[in-house]
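Enquirer: below is the sequence, then the predicted model.
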Amino acid sequence: MQWSLLVLIVMGQCSSIGGQLCDYHFIGDKKTWKEAQDYCRENHTDLATVSNQTDMKRLHDAATAKYPQYQGGAWIGLKKNTPNIVWRWSLPGVEFNESESEWSPGQPDTKGCVNSRLDNCVRMNGGTWDDFFSSTTYKFICYDGQCSSIGGQLCDYHFIRYEKTWKEAKDYCKKNHTDLATVSNQTDMKRLLDSTTEHYQDGAWIGLQRDWRWSQSGVEFNDKHNKTGKTFYISDDNNMKNWTEAQRYCRDNHTDLISGVKQLEDFKRQHQNYATCQKTSDTCPFWIGLFRDSDWSWSDGNNFSFRSWDNAEPKDKQDPKKLCAMTTSNGNWSSADCNETKPFFCYDDSVILIKKNMTWVDALYYCRDHYRDLVSITNQGEQLWVQERAKTASTPYVWLGLRYTCTLDFWFWVTDETVLYKNWGPDQSGDDCNMSGAMDREGMHQWVKKDDDENKFNFICSK
């Protein structure tokens, strides 16, 4: 087959699923948690799994669309039943690796998380980690996900054609997105330009104002092209919080609590006085985004680390019957007796892993014959959702709907979306006519370029 003809075939069918890889459904009938789970599995995919703050908003929107007076109090798919202790990072998509941990000698011990509320309990103390009582108030470190990478970009740029003043543009972005664009390096510059139309020549506002500060809270300006990005906010003595309060503050005002070894290493390079402080120093310790998730898991088996417990929740230690999670009136979660009857949220999964070994072209036709298309990934949330499916593949990589055309010299998604969000792994050089994109089953689940004539992998379809 001529490659120009293949380009027409793979791009000639639009299968967008609205930019979301799952759909939430609010069910107003009151059921116990187990009855709700059975209902969702029979009529949808499962009880709702929540992977990030965007999903939290989508849950609320799904309920208010049916019941405008909805005030919370509905089951989600989180339940206390995981038999093993698991450490997780607060920021979705950052996975904990014990071999990279930096525990202090004798840590973690049984004095912190085990005998208190056992979830949110890790602080950085003198550059190493201790588990500790999550109710204690400390300073904390927030991370600003400008466009720095944890395996992909943590933000997406959106070019808005409406003409507004800088203040009007800032207000618009804060209402509809996160903020006016922040630029931390040359890669961000290119992504910013790529987000505009091809022939756009006029000026456009970004989030920089005199005396040269970024609009986004906590992001410092460096006129010498910040290589790693001043992407951290450090609370002061007047802003000390317990772990849960610190997490909520960071999510409301920045991106999240600092999460992952890479972010901690960047922090130590940028703030050596904090990273090397002694345990007696006034600058130590700080809460970081590592928490112990010893016995709560999602109904569908997903491994998402995102949690949004209300203050003093969960209460399973005080009341052993409160083993199931529900939404609350303020949008967070609380624990409740699983035998109580409540409305609930189901979800429909829009992607499926196919454990058949095929070339990329055969996988494309299989998805179109049996489902909708090979999956596209256009943002960080979709990356997190798809990589959960990739983890159970029987091949080291899984095909995505990502293809290179040498005729037109660019990469494209077969569903016709532009490749703006990118998650390429290191050393992915070379663009040949028979190159397609696949996701690594392990590690950071980054994308790789593979010759589809020589490789047969599992693949992920959109439904």
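Expert: It's in.
Enquirer: now do stretch 447-462, average pLDDT.
Expert: Averaging pLDDT along stretch 447-462 gives 92.
Enquirer: swap in stretch 44-59?
Expert: 88.
Enquirer: what of stretch 307-325?
Expert: pLDDT averaged over stretch 307-325 gives 86.
Enquirer: just the CA atoms of it, as CSV, please.
Expert: Extracted C-alpha coordinates of stretch 307-325, given in CSV (Å, rounded to 0.1, in the frame of the first residue of the first chain):
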residue,chain,number,x,y,z
ARG,A,307,-7.5,11.2,47.1
SER,A,308,-9.7,14.1,48.3
TRP,A,309,-10.6,13.2,51.8
ASP,A,310,-12.4,15.9,53.9
ASN,A,311,-10.8,17.0,57.2
ALA,A,312,-10.5,14.2,59.8
GLU,A,313,-11.5,11.6,57.2
PRO,A,314,-11.6,8.7,56.7
LYS,A,315,-13.1,7.6,60.0
ASP,A,316,-12.6,3.9,59.7
LYS,A,317,-10.4,3.8,62.8
GLN,A,318,-13.1,5.4,64.9
ASP,A,319,-16.0,3.5,63.4
PRO,A,320,-15.0,0.1,61.7
LYS,A,321,-18.3,0.2,59.8
LYS,A,322,-17.2,3.2,57.8
LEU,A,323,-15.4,1.4,55.0
CYS,A,324,-16.8,3.0,51.8
ALA,A,325,-16.2,6.4,50.3
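Enquirer: buried residues in that stretch?
Expert: Of all the residues in stretch 307-325, those buried under the rule 16 or more other Cβ atoms under 10 Å are 307, 308, 309, 310, 313, 314, 315, 316, 322, 323, 324, 325. Yep, even glycine has a C-beta here, placed from its N, CA and C like the rest.
Enquirer: then stretch 253-265?
Expert: Neighbour-count burial for stretch 253-265 [16+ other Cβ under 10 Å]: 254, 255, 256, 257, 258, 259, 260, 262, 263, 264.
Enquirer: after the helix or strand of the chain with the lowest mean pLDDT, which helix or strand is next?
Expert: Each helix and strand of the chain was given a mean pLDDT (mean pLDDT, DSSP states H and E); the minimum falls on helix 3-11 at a mean of 39. Once the chain leaves helix 3-11, the next helix or strand it forms, by DSSP states H and E, is strand 22-31.
Enquirer: wait, a helix at residue 78?
Expert: No - judged by DSSP: H, G, I helix; E, B strand; the rest coil, residue 78 forms no part of a helix; its state is strand.
Enquirer: show me the contacts for it.
Expert: 50, 296, 297, 298, 299, 324, 325, 333 (Cβ atoms under 8 Å, 6 or more residues apart in numbering).
Enquirer: and if you look at residue 260?
Expert: 89, 91, 94, 150, 289.
Enquirer: what's the pLDDT at it?
Expert: 84.
Enquirer: can you give me the strands in the stretch 51-200 of the chain?
Expert: 75-80, 87-89, 122-125, 128-131, 139-143 (DSSP state E, counting those that start in this stretch).
Enquirer: do the stretch 301-450 of the chain as well
Expert: 322-327, 333-337, 342-349, 351-358, 373-374, 397-405, 410-413, 435-440, 447-451.
Enquirer: and the ones you listed, which one's lowest on average pLDDT?
Expert: Among these, strand 410-413 scores lowest, with a mean of 89.
Enquirer: can you list the buried residues in that strand?
Expert: Buried-residue list, strand 410-413, by 16+ other Cβ under 10 Å: 411, 412, 413.
Enquirer: the second one contacts residue 400, correct?
Expert: No - applying Cβ atoms under 8 Å, one finds residue 412 not in contact with residue 400, separated by 11.7 Å.
Enquirer: on that earlier part again, residue 107 is nearest to which of the strands of the stretch 301-450 of the chain?
Expert: Evaluated with Cβ to Cβ, these place strand 333-337 nearest to residue 107, the distance being 27.5 Å.
Enquirer: what is the burial count for residue 247?
Expert: 25 (other Cβ atoms under 10 Å).
Enquirer: give me the phi and psi for it.
Expert: Here is the backbone geometry of residue 247 (degrees, to the nearest 10): phi -60, psi -50.
Enquirer: and the one 10 residues further on, by the same measure?
Expert: The phi and psi values for residue 257, taken as degrees, to the nearest 10, are phi -60, psi 150.
Enquirer: ok, it - contacts?
Expert: 90, 91, 140, 141, 142, 143, 246, 247, 250, 287, 288, 289.
Enquirer: residue 374 now?
Expert: Per Cβ under 8 Å, 6+ apart, neighbours of residue 374: 363, 364, 367, 399, 400, 401, 414, 459, 460, 461, 462.
Enquirer: and which of the residues you listed is nearest residue 26?
Expert: Scanning these for proximity to residue 26, where the rule is Cβ to Cβ, the winner is residue 462, at 23.2 Å.
Enquirer: with residue 425 as the reference, measure out to the closest one.
Expert: According to Cβ to Cβ, to the nearest Å, residue 462 stands 22 Å off from residue 425.
Enquirer: residue 461 is in contact with residue 371, correct?
Expert: Yes - contact between residue 371 and residue 461 holds when scored by Cβ under 8 Å: they sit 4.1 Å apart.
Enquirer: overlap in contacts of these two?
Expert: residue 352.
Enquirer: of these two, which one has the most company?
Expert: residue 461 (24 against 18).
Enquirer: coming back round to it: got JSON lines for the contacts of residue 78, with distance to residue 448 too?
Expert: Output for these, formatted as JSON lines (distance: Cβ to Cβ, whole Å):
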{"residue": "50", "distance to residue 448": "29"}
{"residue": "296", "distance to residue 448": "33"}
{"residue": "297", "distance to residue 448": "30"}
{"residue": "298", "distance to residue 448": "28"}
{"residue": "299", "distance to residue 448": "32"}
{"residue": "324", "distance to residue 448": "40"}
{"residue": "325", "distance to residue 448": "36"}
{"residue": "333", "distance to residue 448": "37"}
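Enquirer: show me where pLDDT drops low in the stretch 151-300 of the chain?
Expert: Applying pLDDT under 70 to the stretch 151-300 of the chain flags the ranges 151-156, 161, 174-178, 182-193, 195-202, 209-230, 237, 274-284, 293-294.
Enquirer: which residue ranges of it form helices?
Expert: 166-176, 186-194, 243-253, 261-270, 272-275 (DSSP state H, counting those that start in this stretch).
Enquirer: next one: the third one to chain centre, how far?
Expert: This points to helix 243-253. 16 Å (Cα atoms, centre = their mean, to the nearest Å).
Enquirer: remind me, longest helix of the chain?
Expert: helix 53-66 (DSSP state H).
Enquirer: relative to strand 322-327, how tilted is that one?
Expert: Angle, helix 53-66 to strand 322-327, by axes from the mean of the first three to the mean of the last three Cα atoms, to 10 degrees: 70 degrees.
Enquirer: so helix 53-66 versus helix 243-253, what angle?
Expert: Going by the same axes, to 10 degrees, helix 53-66 makes 80 degrees with helix 243-253.
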